[in-house]
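*Asks:* Attaching a predicted model along with its sequence, questions to come.
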Amino acid sequence: MAIYHLNCRIGSKQEGHSAGAKCAYITRTEAYSKKSDECAYSASGNMPKWPKVDPQKDPSQYWKAADIYERDNGRLYRELEFALPRELSLDQQKALCHAFAEKITNIKDEGGKLPFTFSIHTDPKNNNPHCHLMISERVNDGINRNASRWFKRANPKDPKKGGAVKSQELNGKQWLNPTREAWANMANEALKNAGSKATIDHRSNEARGIENIPTKHLGAKCAGMMKRGAYCERGPKIEMFNKGAKFQKDYLPAPHSRAKLPMKAMRQVHTRISSPLKKDGKLKSWQEMADELSQQFAQLFKTWHQTELDRLRRERERIEQSMNGINFSFGPATSTMARLKTRGPQ
């Protein structure tokens, strides 16, 4: 079943991130080459042509140069991670990712395109196909620069003497929200062309009028750690949160205005988890943490159920009080009905 999942991360030199390491991770090369079978496809686009290397053929050169020449407080890249529809073949997923990357890296105001690299990750059972898309904020305006000049500050008066312009279009929700919508539209179009009836929607449950608590994405990293039996703090929390969301969906249907109460409380439970340490200082097992969460959810729904009962009781009392002293006689029609009941049918 096709699902919607898209998040955005920023790689900052000031925060200690590395564009070269991120490129190696998503392409499963260098330090990550042991997992090369997880990378089904990689491609790059809009790369500049430097005198000694061609980043189009070897994108790692571009991202490593960003680590070296980008200023200390500069952003190195933006990464979009999004789920791919399992209903599409690998070739269809490739075409979709290419089209999406080209669309969102086409900058209107600066008159150029942004360099990008993307990789499609999959698994043998095709349970979690997804794409990592790295985007540089440096606009490729066609001017031939070497690597060191490319990452310098731009010179508006004489562009050839300065570096590539850093686009401001990728800042804030004014870029992310349309990007999320664009991915949903393009993925749905690809599914339709492939003959699939599946669709995805970028909007929240509340915006779509769905009264269910949205589940949280477990992610490949947490799923892998839990499968190996390794300690994972987030995994059990997310699993129990999703079980609580399913319980609310199956057993506690409520109008949207009333569904906000358990939704808010569940988020509090998700963020207010007891210490992962036992009294003796040892780490709790994920099963022990799951049991604690289960008890908290049981108490949560018990409280919510009692709150609903109290609300209904107060509503009933209010209605009964408002009905006291009301005369339900509606004139001649009521008298006629009363006579008919007394005399019976003629």
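*Replies:* Thanks, I have it. Numbers count the residues shown, from 1 in each chain.
*Asks:* Report the contact partners of the closest residue to A65 other than its chain neighbours.
*Replies:* In space, and not counting its chain neighbours, A65 is closest to A147: 4.2 Å by CB to CB, 6 or more residues apart in numbering. Where you see a C-beta, it was placed from the backbone N, CA and C, and this is true even at glycine. Residues near A147 by CB atoms under 8 Å, 6 or more residues apart in numbering: 50, 53, 61, 65, 68-69.
*Asks:* before we move on, what about A83?
*Replies:* 3-6, 128-130.
*Asks:* What's the per-residue pLDDT of the residue lying closest to it once chain neighbours are set aside here?
*Replies:* Take A83 and drop its neighbours on the chain: the residue closest to it by CB to CB, 6+ apart is H5, 4.0 Å away. You'll see H5 listed with a pLDDT of 89.
*Asks:* Ok, the one 3 residues further on next?
*Replies:* Model confidence at C8, expressed as pLDDT, equals 93.
*Asks:* so what's the backbone phi/psi at it?
*Replies:* When read as degrees, to the nearest 10, the backbone of C8 gives phi -120, psi 140.
*Asks:* does it have beta-bridge partners, and which?
*Replies:* L80 (DSSP bridges).
*Asks:* so where's the stretch 101-250 of the chain uncertain?
*Replies:* By pLDDT under 70, the weakly predicted segments of the stretch 101-250 of the chain are 109-111, 205-206, 208-214, 247-250.
*Asks:* For it, just list every one of the helices.
*Replies:* Along the stretch 101-250 of the chain, counting by DSSP state H, counting those that start in this stretch, helices occupy 147-150, 173-193, 220-228, 234-251.
*Asks:* These into CSV, with extra columns for distance to S42?
*Replies:* Below are those laid out as CSV (distance: least, CB to CB, whole Å):
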stretch, distance to S42
helix 147-150, 21
helix 173-193, 19
helix 220-228, 17
helix 234-251, 28
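*Asks:* I'd like to know which of the contacts of A83 is nearest to F82.
*Replies:* Distance ranking of those against F82, using CB to CB, places L6 first at 4.0 Å.
*Asks:* The closest one and A182, how far apart?
*Replies:* Between L6 and A182 the computed distance is 10 Å (CB to CB, to the nearest Å).
*Asks:* Okay, the spatially closest residue to L114 that is not a sequence neighbour and K284: tell me how far apart.
*Replies:* Take L114 and drop its neighbours on the chain: the residue closest to it by CB to CB, 6+ apart is T105, 4.0 Å away. As judged by CB to CB, T105 and K284 stand 45 Å apart.
*Asks:* Give the buried residues for stretch 87-105.
*Replies:* For stretch 87-105, the neighbour count (16 or more other CB atoms under 10 Å) marks 87-88, 92-94, 96-97, 100-101, 104-105 as buried.
*Asks:* Off-centre distance for that stretch?
*Replies:* Relative to its chain's centre, stretch 87-105 lies at 18 Å (CA atoms, centre = their mean, to the nearest Å).
*Asks:* same thing with stretch 227-244?
*Replies:* Per CA atoms, centre = their mean, the centroid offset for stretch 227-244 relative to its chain is 18 Å.
*Asks:* do stretch 303-319 as well
*Replies:* Distance, centroid of stretch 303-319 to centroid of chain: 36 Å (CA atoms, centre = their mean).
*Asks:* can you pull the buried residues of that stretch?
*Replies:* So for stretch 303-319, counting by 16+ other CB under 10 Å, buried means W304.
*Asks:* Now do it, average pLDDT.
*Replies:* Stretch 303-319 carries an average pLDDT of 74.
*Asks:* how much space between K216 and A184?
*Replies:* Note on K216: its distance to A184, by CB to CB, is 19 Å.
*Asks:* Which of these two has more residues huddled nearby?
*Replies:* A184 (18 against 14; other CB atoms under 10 Å).
*Asks:* From what I see, the more buried one and H202 are in contact.
*Replies:* Yes: when contacts are counted by CB atoms under 8 Å, A184 is listed as touching H202 (4.1 Å).
*Asks:* Overlap in contacts, these two.
*Replies:* Y4.
*Asks:* returning to that earlier point: which residues are in contact with the residue nearest to A83?
*Replies:* By CB under 8 Å, 6+ apart, the residues touching H5 are 81-83, 130, 217.
*Asks:* just checking, which of those residues belong to strands?
*Replies:* 81-83, 130 (DSSP state E).
*Asks:* Compare the residues you listed and tell me which has the most neighbours.
*Replies:* Using other CB under 10 Å as the neighbour criterion, F82 leads those with 22 neighbours.
*Asks:* how close does the residue lying closest to that one once chain neighbours are set aside sit to H217?
*Replies:* Spatially, and ignoring its direct neighbours in sequence, F82 is nearest to L6 (4.0 Å; CB to CB, 6+ apart). Counting by CB to CB, the gap from L6 to H217 is 10 Å.
*Asks:* Neighbour count: those two, which is higher?
*Replies:* A direct count of neighbours by other CB under 10 Å for L6 and H217 places L6 higher, at 19 against 14.
*Asks:* The more buried one touches D201, doesn't it?
*Replies:* No: taking contacts as CB under 8 Å, L6 lies outside contact range of D201: 11.7 Å.
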